[in-house]
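Student: what's the 3D shape of this:
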Amino acid sequence: MSTDAPLTLDPATLPDDPALLKRFIVEHQALIRRIREEAAAQLAAQAARHDAELKAAIAALLRRYYGPRSESFDPRQLLLFGQVIERMPLDEASIAEESGEQLITRRIKNRHNHGRQQLPQQLERIEIEHDLEDAQKACPACGQERCRIGAEVSEQLEYFPASFKVLKHVRHKYACSHCDHDGYNPNIATALKPPQPIDKGLPGPSLLAYVVVSKLGDHLPLYRLEHIFQRQQVHVARSTLCAWMAAAGELVRPLVELMALRVKQSQAIHTDDTTVPIQSPGEKQCRKGRIWCYLGDEANPYTVYDYTPSRSRDGPACWLQGFSGYVQADAYGGYDGIYHAQGVTEVACWAHARRKFYDAQDSDAKRAVQMLALIGQLYAIEREAKDADEDTRLALRQERSVPVLTRIKEWLGAEGQVVLPRSPMGLAIGYAQNQWAALHVYVTQGFLNIDNNASERALKRVALGRKNWLFAGHDAAAANHARLWSLIASAQRHAIDPQRYLTSLLAKIGTTPAADVDQFLPDVWKAADAREPFTQN
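Tutor: As a prediction, this is how the structure comes out:
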């Protein structure tokens, strides 16, 4: 009986011979049974594949939130797969060549520096003398008074709580008594008070800087800051603190705009984005806005944040308008218009590509380890070239990284044909192949980076903050936060105390002409502060 026979029986087509009829029925039932078995096998295979993908996705999420952050890879994992990797005897030399690291037993360094560390010399020292009582100074043997021969000195670290001080501005007034006596205008003159960050406002520049740094640098919600102030009998409502933050954000706008112009003069810009919840009155939950970061190069060493109400491609397209150079980012499609319309060169991130293979270890450990070893070679070369100049770094990449990239491309092409496209390994391979041209760009210039980790680190302050203050009140507040984050991040990039920097900035920028705002750029301010340290009057 043909397997193409219909499953439904037409009585007109059935044979009249009983023997033939029995044979026909038996074959028909066998066909139905085989079709059912094949369908069940296909459904089971689909269910198993779906379960594997689901388990891999869950494992990746759990690893992302609760697992180790370093994505460290031990090259000795290659030994787990015997001779399958390169079809050659696996000795230490071959594994070291494959992994890019020497297979040696490393002694784990003790990261905890036990023992008391030297206290910073710049801390104020308050001497407290401890002397013997007069009766104790007598010698127990002869009774004569003992003479002092020295002292033992030890240091103890103590904390004195920060305190509020009230600056009482007394503006002396003068008048001409002779004119007043003769009935003329006494020509009264009053001494001027130095300009303040907020005209007729309560906070001085140091307090305003403290509020900004506490919330956006130390991730302290304003309601907690309100309670801290209350412990010293100073009552400032959080709505007032919000108004101070808004005033500070507007005050520094010209400086942040100048920093943005300088970042756009970079040869390469790192960028990334993350969500920030925005309060929506009348809605059940907050809507999601986006904070974008843009990192300039060594010649323009500033980190600038920008806020957009959504993840529309108009955000980076507007901010990067007029820029020509290299942009290193993730694979977000919103950048595609910039790459094509503005002539900007895309630089992909090897850390993103590596993470996908790292997450695929649970479902395909062998291939994941192979690829992680190859990517490890690229990073080993970058560590070696870290302190080299651009020309030396470029030459090293062309000599050693390009051959590794060739091997990776061949591996992706070969393994991509045998793995399931929708499996975690298939998705990782597909991502790397789709991004291959951009992943290859970093070896063409000595000033480019292998990954975009700098941007991800810059956005950590946003992620940490939203876990504490939870949301921004409205779009204007989020944009204000972005401007203030720009100053804090750029100050920390230059190892500047943001409290001192913002105190100096807020005290002077309000009366500084627009043409002279560049004196407050973090690197310029740091150089001036080294020559003449800032002191608050």
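Student: helices or strands up against the lengthiest strand in the chain?
Tutor: As assigned by DSSP state E, the longest strand anywhere in the chain is strand 268-278. Judged by 3 or more C-beta pairs under 8 Å, 6 or more residues apart in numbering; DSSP states H and E, the packing partners of strand 268-278 are strand 287-295, strand 326-328, helix 453-458, helix 460-469, helix 475-493. Just so you know, the C-beta spots here come from the backbone N, C-alpha and C atoms, and that holds for glycine as well.
Student: only alpha carbons, please: show that strand as CSV.
Tutor: Coordinates of each C-alpha in strand 268-278 appear next as CSV, following Å, rounded to 0.1, in the frame of the first residue of the first chain:
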residue,chain,number,x,y,z
ALA,A,268,36.0,58.1,18.5
ILE,A,269,33.0,58.3,20.8
HIS,A,270,31.8,55.5,23.1
THR,A,271,28.0,55.5,23.7
ASP,A,272,25.4,53.4,25.4
ASP,A,273,22.0,53.9,27.0
THR,A,274,19.9,52.6,29.9
THR,A,275,16.4,53.2,31.2
VAL,A,276,15.3,55.6,33.9
PRO,A,277,11.7,55.5,35.3
ILE,A,278,9.7,58.7,34.9
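Student: that strand: which residues count as buried?
Tutor: Within strand 268-278, the residues scored as buried using 16 or more other C-beta atoms under 10 Å are Ala268, Ile269, His270, Thr271, Asp272, Asp273, Thr274, Val276, Pro277, Ile278.
Student: what do you get for stretch 466-480?
Tutor: Across stretch 466-480, burial judged by 16+ other C-beta under 10 Å covers Arg466, Trp469, Phe471, Ala472, Ala477, Ala478, Ala479, Asn480.
Student: could you dump those residues to CSV with distance to Ala507?
Tutor: Listed next are the buried residues of stretch 466-480 as CSV, based on distance: C-beta to C-beta, whole Å:
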residue, distance to Ala507
Arg466, 30
Trp469, 26
Phe471, 31
Ala472, 27
Ala477, 24
Ala478, 26
Ala479, 24
Asn480, 19
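Student: and those residues as TSV, adding pLDDT?
Tutor: Shown next, in TSV, are those (pLDDT from 0 to 100):
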residue	pLDDT
Arg466	88
Trp469	86
Phe471	86
Ala472	88
Ala477	92
Ala478	93
Ala479	93
Asn480	94
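Student: of these, closest to Gly150?
Tutor: Of all those, Trp469 has the smallest distance to Gly150: 54.3 Å, by C-beta to C-beta.
Student: list the residues that contact the closest one.
Tutor: Contacts of Trp469 were listed using C-beta atoms under 8 Å, 6 or more residues apart in numbering, and they are Lys215, His219, Leu220, Pro221, Leu222.
Student: these in strands, which ones?
Tutor: When these are checked against strands (DSSP E), there are no matches.
Student: which one of the residues you listed has the most neighbours?
Tutor: Lys215 (22 neighbours; other C-beta atoms under 10 Å).
Student: which helix or strand in the protein has the lowest average pLDDT?
Tutor: Counting by mean pLDDT, DSSP states H and E, the chain has its least confident helix or strand at helix 92-99, which shows a mean of 51.
Student: quick check: next helix or strand after that one?
Tutor: The element immediately downstream of helix 92-99 (helix or strand, assigned by DSSP states H and E) is strand 173-174.
Student: next, the buried residues of the helix or strand following that following strand.
Tutor: Heading C-terminal from strand 173-174, the first helix or strand you meet, by DSSP H and E, is helix 177-181. Judged by neighbour count using 16+ other C-beta under 10 Å, helix 177-181 contains no buried positions.
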